[in-house]
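J.: return a 3D structure for these sequence lines:
(chains A and B)
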Amino acid sequence: MIAAAMVVTGRNAVHAALFLIINIVSLAILFLLLGAEFVAAIQIVVYAGAIMVLFLYVVMFSGAAATPEGPDRLAWQRRIAVVAGLMLLVLAVKVISHGGLGPVPAGKQVAGSPAVIGEIVFTQYALPFEIASLLLLVAMVGAIALAKEKKE
Amino acid sequence: MMEAIPTGYCLFLSAILFTIGVVGFLTRRNAVLVFMCIEIMLNAVNLSFIAFARRLGSLDGQVAVLFVITVAAAEVAVGLSIIVALFRKRKTVDVDQIDLMKW
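T.: Residues are numbered from 1 along each chain as shown, chains lettered A, B, ... in the order given. Prediction:
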């Protein structure tokens, strides 16, 4: 799984997209192992299905498969970025190992079946659910408006 | 559940994935790849949400992941259409070339 994510930072955009699919699917399997069945299914359907199709479409459309040519004007920033990323990783690992999280305590298993999740979403989280639907509508209209050809 | 995956492992994997996303986000020049790195970061956070939901025995974390996925879908739709519009105007997806607002 880590390897799949590593190669996302590779050269070719199409290859990167395919490796991202591998990454997403393996995360979905991990979700399944962690007792989140519904979220795993949604992960496969939404990410590997919808979002990756959008990505591949845009990669093909814009001919972005090759890495852009031209002088690298920000090379020094890249080195700083890698160093900063490594520092972030060290910090996160330190914080996590400080917490001392062992195995899951027994007797607290949850199973995220669609029925249970749906019950929570439509009762306790009804308002965020409506806001999310509104957000999706706005995003859809905005995407269509942005991608539309301007008629002269 | 057959066996218990320790929460710490999930958090380590989440941290590694998030770092990969951050470094990729900061170093890539292709705008589409930058978006993919954002997706990696969101997935890393989703993983830690799920791990904590399991540890605390509550489903709130899984509901939060659902909302994160919803927002990610909206964000990708808008972002990619911005990239398409930008490509129509400037014929490039290199984020280094897009410096209109630089002073």
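J.: tell me the centre residue of chain B?
T.: B:Glu39 (2.6 Å; CA atoms, centre = their mean).
J.: relative to chain A, how far out is that residue?
T.: 7 Å (CB to the nearest CB, to the nearest Å). Backbone N, C-alpha and C define where each C-beta goes, glycine included.
J.: from A:Arg79, how far out is that residue?
T.: From B:Glu39 across to A:Arg79, the span is 25 Å (CB to CB, to the nearest Å).
J.: then B:Leu47?
T.: From B:Leu47 to A:Arg79 the distance is 28 Å (CB to CB).
J.: give me the more crowded residue out of these two.
T.: B:Leu47 (23 against 11; other CB atoms under 10 Å in any protein chain shown).
J.: that one: what's it in contact with?
T.: By CB atoms under 8 Å, 6 or more residues apart in numbering or on different chains, the contact set of B:Leu47 is A:27, A:30-31, B:10, B:13-14, B:17.
J.: that one: which element?
T.: In this structure, B:Leu47 is located in helix B:31-56 according to DSSP states H and E.
J.: buried stuff in that helix?
T.: B:31-55 (16 or more other CB atoms under 10 Å in any protein chain shown).
J.: count of residues packed around residue 22?
T.: Answering for chain A, as no chain was given. 16.
J.: actually chain B
T.: For B:Val22, using other CB under 10 Å, the count is 21.
J.: and the closest residue to it other than its chain neighbours, how many residues sit next to it?
T.: Excluding its sequence neighbours, the residue lying closest to B:Val22 (CB to CB, 6 or more residues apart in numbering or on different chains) is A:Gly85, at 5.1 Å. Number of residues near A:Gly85 (other CB under 10 Å) recorded here: 20.
J.: do B:Ser14 as well
T.: 24.
J.: picking that back up, spit out the contact partners of the residue nearest to the centre of chain B.
T.: With contact taken as CB under 8 Å, 6+ apart, B:Glu39 is in contact with A:20, A:24, A:47, A:51, B:21, B:72, B:76.
J.: now these as TSV including distance to A:Pro128, neighbour count and secondary structure?
T.: As requested, these are arranged in TSV below (distance: CB to CB, whole Å; neighbours: other CB atoms under 10 Å in any protein chain shown; DSSP: H, G, I helix; E, B strand; the rest coil):
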residue	distance to A:Pro128	neighbour count	secondary structure
A:Leu20	27	25	helix
A:Ile24	24	22	helix
A:Tyr47	20	25	helix
A:Ile51	21	24	helix
B:Gly21	25	24	helix
B:Ala72	15	19	helix
B:Val76	20	25	helix
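J.: and which of those residues is nearest A:Ser113?
T.: A:Tyr47 (20.1 Å; CB to CB).
J.: thinking again about what came up before, reformat the contacts of B:Glu39 as a markdown table; add distance to A:Leu136.
T.: Below are the contacts of B:Glu39 laid out as a markdown table (distance: CB to CB, whole Å):
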| residue | distance to A:Leu136 |
| --- | --- |
| A:Leu20 | 22 |
| A:Ile24 | 20 |
| A:Tyr47 | 15 |
| A:Ile51 | 13 |
| B:Gly21 | 23 |
| B:Ala72 | 11 |
| B:Val76 | 12 |
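J.: quick one, helices of chain A?
T.: Secondary structure of chain A (DSSP state H): helices at A:2-7, A:13-33, A:37-42, A:52-62, A:75-99, A:114-123, A:126-147.
J.: could you point out which of the ones you listed sits nearest B:Leu26?
T.: Using CB to CB, the helices of chain A put helix A:75-99 closest to B:Leu26, at 3.5 Å.
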